[in-house]
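Enquirer: I would like the atomic coordinates for the input below:
(4 chains)
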Amino acid sequence: MRVTVRLFARLRDITGAPELVKEAAPGDTIGSIWRQLVTQYPELAGYERSISSAVNADYARMDQQLRDGDEVAFLPPVSGG
Amino acid sequence: MRVTVRLFARLRDITGAPELVKEAAPGDTIGSIWRQLVTQYPELAGYERSISSAVNADYARMDQQLRDGDEVAFLPPVSGG
Amino acid sequence: MVATPLLTIGPAALAIEPLVAAIGGNAGADGAVVTFLGLVRNHNLGRAVTYLEYEGYEPMALRAFERIDAEIAARWPGVRLALHHRIGRLEIGEASVAIVTASAHRADAFAACRYAIERVKHIAPIWKREFFEGGDVWIEGATADPDDARARAEAERVACA
Amino acid sequence: MVATPLLTIGPAALAIEPLVAAIGGNAGADGAVVTFLGLVRNHNLGRAVTYLEYEGYEPMALRAFERIDAEIAARWPGVRLALHHRIGRLEIGEASVAIVTASAHRADAFAACRYAIERVKHIAPIWKREFFEGGDVWIEGATADPDDARARAEAERVACA
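Expert: Residues are numbered from 1 along each chain as shown, chains lettered A, B, ... in the order given. Model (predicted):
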């Protein structure tokens, strides 16, 4: 199955792409996708403890399992307002 | 000497006039003017403890002595805003 | 075009944007602008209000506004204030008072704006007459005393200073 | 003419009056309207800022705004909220966020408005990149977590609830 990964702010600068498409296996979680990304872009590791995550534009915990077509997002610490 | 007396809100309704001219003697205070008014309009007595007073558009205490031409004002409890 | 003054009392309808424009952005140093509008409500103390009439001792009200401005400058240095109060007949939903505060940081702008409306209610020589179904009544709130330290401290407290 | 929505995120310049009009006067029941504008400052952390760029995860930001709206409705029943956040390039002095709260009484309107801006800073998926003389940097504030009870309690505390 496939999921779309959205990256914002400095995470996007690190990966060089606002959006990536990833292959995922049944049972894969948001956390599995994140670990794949960290392997690919080691600079992301610094965000391990400060990122938030979302699935389909709603906050979701890292242990949430993914379904085909999900949009996963990783959010660095926010600075709106 | 003469002073002008300004009356507002319900005080004006009681006296029937927004402005009165009063004769005052040297040594007369805001308080003397107030007591004259209460004699003339007994219904004002109920405001004895809740009015504020001013001379020439600045807050002033009841014991302040008046000068010729002063504008004295009596203010019932305020309700702006 | 005449510049909008920061402190006024008069019969003209109130609007926020001209006040915000008048207070300016302090050449880029402001990060926060807070405004308060007081509106005429259709109910008060269980009465169905039809309209209000505000009366003010205008020159003295302006001095009260200047006093509030000075109190804010002393308590929250760097905060700027605009304060317009309307008088005359006001219909339901119309604004009787408009207050704008501007500051580098939001905590000060919020606190000073709240403080300003509390102090207007304490010391501005302004009165409202409420017209309701079946009669009318002068509303009488606080005995005005600019030197009442307790009232001032209470205004600071609710302003969350 | 299209009605102004109460919650939006987008590149259009912000203005207060349309938001105040959109939130309405609740058919005469409102007595207080409080607004907050966040402005781009020319200085931050000792740096001379030249401009900002705001980026948002727009559909998720809207859901965050709806969550804030629900939090306010639960905490201050009867208060109504309008919240517009701008994204894209913003110059010094321009507004990045405009918030309006309306209520029967002023204490609730002030508290809810302050609460709203605190919560935007906690949970809205929005980021600003600061361009200053000599470089640029992404500003990173709070780790966004809508279920962080401590952050929510802190927002209630500063709102002076």
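Enquirer: burial count for the residue in chain A that chain D sits nearest to?
Expert: In chain A, the residue found nearest to chain D is A:G80; the distance is 3.0 Å by CB to the nearest CB. Using the backbone N, CA and C atoms, a C-beta is placed for each residue, glycine as well. Per other CB atoms under 10 Å in any protein chain shown, the neighbour tally for A:G80 reads 29.
Enquirer: Figure out the helix or strand that it lives in.
Expert: With elements taken from DSSP states H and E, nothing contains A:G80; it lies in neither a helix nor a strand.
Enquirer: One more: A:D13?
Expert: Assigning secondary structure by DSSP H and E places A:D13 in helix A:9-15.
Enquirer: what's that helix in contact with?
Expert: Contacts of helix A:9-15 with the rest of the structure, by CB atoms under 8 Å, 6 or more residues apart in numbering or on different chains, involve A:7, A:18, A:37, A:40-41, A:43-44, A:47, A:51, A:74-76, D:55, D:127, D:129, D:138, D:140.
Enquirer: what pairs with the helix or strand following that helix, and is each one parallel or antiparallel?
Expert: Sequence-wise, the next helix or strand beyond helix A:9-15 is strand A:19-23, with elements assigned using DSSP H and E. Strands adjacent to strand A:19-23 in the sheet, as given by DSSP bridges, are strand A:2-7 (antiparallel).
Enquirer: tell me the average confidence for the partner strand?
Expert: Per-region confidence: strand A:2-7 scores 98 on mean pLDDT.
Enquirer: for stretch A:17-34, same thing?
Expert: Stretch A:17-34 shows an average pLDDT of 96 in the prediction.
Enquirer: Can you list the low-confidence ranges for chain C?
Expert: C:1-2, C:161 (pLDDT under 70).
Enquirer: and it, which residues reach chain D?
Expert: Applying the criterion CB under 8 Å from any CB of the partner chain, the portion of chain C that neighbours chain D consists of C:15-17, C:20, C:25, C:27-43, C:92-93, C:95, C:104, C:106-107, C:109-110, C:113-114, C:117, C:158-160.
Enquirer: of these, buried ones?
Expert: With neighbours counted by 16 or more other CB atoms under 10 Å in any protein chain shown, those contain buried members at C:15-16, C:20, C:25, C:28-42, C:92-93, C:95, C:104, C:106, C:109-110, C:113-114, C:117, C:158-160.
Enquirer: Tell me which entries of those residues lie within helices.
Expert: Helix and strand membership here follows DSSP state H; of these, those in helices are C:16, C:20, C:106, C:109-110, C:113-114, C:117, C:158.
Enquirer: can you redo the residues you listed as a markdown table with distance to chain B?
Expert: Compiled in a markdown table, those are given as follows (distance: CB to the nearest CB, whole Å):
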| residue | distance to chain B |
| --- | --- |
| C:I16 | 16 |
| C:V20 | 20 |
| C:R106 | 23 |
| C:A109 | 19 |
| C:F110 | 17 |
| C:C113 | 13 |
| C:R114 | 12 |
| C:I117 | 6 |
| C:V158 | 13 |
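Enquirer: Which pair of those spans the longest distance?
Expert: C:V20 and C:V158 (23.6 Å; CB to CB).
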